[in-house]
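Chemist: Fold the following and give me the result.
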Amino acid sequence: MKKIIADFIIDTPNGFYCRIGGFYLDPKTPVQNAVISHAHADHAIAGSVNVYTHPATFDFMKLRYKQRAAKQFIPIEFHQSFFINQIKIDFIPAGHMLGSAQILMEFEGLKYLYSGDVKSQADTTCEAIEFIQADVLITETTFANPSVKHPSPIAAMQSILSIERPLLIGAYVLGKAQRITALINEIAPSAVVAIHHDILAYHQIYERYQRLTKQYQVLEKKDLRLKKPYIYIVPPLTFNTYKLQGLMSCVFASGWQALQQANTHTLLLSDHMDWFDLLAYIEQVQPTEIWTIHGDGAFLKEHFSNSAVKVKNLAK
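Modeler: Have a look, this model is predicted:
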């Protein structure tokens, strides 16, 4: 049996580094070689020299960062194997948002799987998660707590669609806003959905990838004042501004309970796995070791304490 390399991935000030391959996974600072799992700003920064990522992530980064995005992009499709030095790499759909990838790294007969951010709930706006076995799972633990159970997205949306219009929904411009738009279009096709102009360009990229249809309008500020019977989807800063003015019913779309406070209603809608989804994910991957990142892995370590699976915290 080949031995797992304990320092195959290490946490550095620049981000998670594969020393054998000479590349970083979702680096925190500009680097020579960056392998990026998805386009959210806490995973995809500007300024690296060589950026390996899915084409959709490439498009989102170009939109956000313009000329600063990267010196050279190397777009990689799902299941399109490539090498960086001695490491074979494949992108596997992660289900988190459009273009999001798990990053499978193979070296000397062993498989190391970096989850990025993952979601197993159904979502028509992105590629469904695919499960693959690996010797080591390097996983996010955003909601790795037995007390966390995410509701069904359909049920969560249905609970607020009965609210009298107008309704203000706070949502992140990339991923969440598109998912909410699609859910409303599916559940209540006669509802009038309006989006903030800062969201429009992201919606349009989703449309190009045929993950969203144009069943929405662009919001104008005057419409808020007139209190038209719309469902308004706006970025967080805009949401906070209008919530304080008491113009309409307010919900904020998030899996975090803390972000539901002081709103008119609750919309628990997460793009990460809850505790139970994470355990099911691990069962599919069947790793010998789990290295936890981006969250608290203490509950996971306790859960596997009497098993053959070794759990360690990779993040410093």
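
Chemist: drop to CA atoms for contacts and neighbour counts, all remaining ones
Modeler: Noted.

Chemist: part of a helix, is Ala155?
Modeler: Yes: assigned with DSSP: H, G, I helix; E, B strand; the rest coil, Ala155 falls within a helix.

Chemist: Now do it against Ser147, distance only.
Modeler: 19 Å (Cα to Cα, to the nearest Å).

Chemist: So if I had to pick from these two, which one is more boxed in?
Modeler: Each of Ala155 and Ser147 has its neighbours counted (other Cα atoms under 10 Å); Ala155 has more, 14 against 10.

Chemist: helix or strand for the residue nearest in space to the middle of the chain, which one?
Modeler: Centroid-nearest residue in the chain, with Cα atoms, centre = their mean: His96, separated by 4.0 Å. Under DSSP states H and E, no helix or strand contains His96.

Chemist: Tell me how far it lies from Thr125.
Modeler: Taking Cα to Cα as the measure, His96 falls 10 Å from Thr125.

Chemist: go on, Leu259?
Modeler: For Leu259 relative to Thr125 (Cα to Cα), the value is 23 Å.

Chemist: Settle it for me: which of the two has more neighbours?
Modeler: Neighbours were counted for Leu259 and for Thr125 using other Cα under 10 Å; Thr125 has more, 26 against 15.

Chemist: Please name the residues that touch that one.
Modeler: Thr125 is in contact with Met97, Leu98, Gln178, Arg179, Ala182, Tyr206, Arg211, Leu212, counting by Cα atoms under 8 Å, 6 or more residues apart in numbering.

Chemist: And the residue nearest to the centre of the chain, its phi and psi?
Modeler: When read as degrees, to the nearest 10, the backbone of His96 gives phi -80, psi -50.

Chemist: just the one 10 residues further on next, same as before
Modeler: Summarising the backbone geometry of Glu106 under the convention degrees, to the nearest 10, its torsions are phi -120, psi 130.

Chemist: ok, now Ile187?
Modeler: Dihedral angles (degrees, to the nearest 10) for Ile187: phi -80, psi -40.

Chemist: Just give me the neighbour total for it.
Modeler: Residues near Ile187, counting by other Cα under 10 Å, number 14.

Chemist: again, but for Phe143
Modeler: Neighbours of Phe143 (other Cα under 10 Å): 24.

Chemist: Now it: closest residue in space that isn't a chain neighbour?
Modeler: Asp274 (5.2 Å; Cα to Cα, 6 or more residues apart in numbering).

Chemist: doesn't Ser147 make contact with the one you found?
Modeler: No: Asp274 is not in contact with Ser147 according to Cα atoms under 8 Å; the separation is 9.0 Å.

Chemist: Tell me which helix or strand comes right after the helix-or-strand element of the chain with minimal mean pLDDT.
Modeler: Taking mean pLDDT, DSSP states H and E as the measure, the chain has helix 221-226 as its least confident helix or strand, at a mean of 71. Downstream of helix 221-226, the next assigned helix or strand under DSSP H and E is strand 231-234.

Chemist: Which residue ranges of the stretch 201-316 of the chain form strands?
Modeler: All strands of the stretch 201-316 of the chain, identified by DSSP state E, counting those that start in this stretch, fall at 217-218, 231-234, 249-254, 267-268, 289-295, 310-313.
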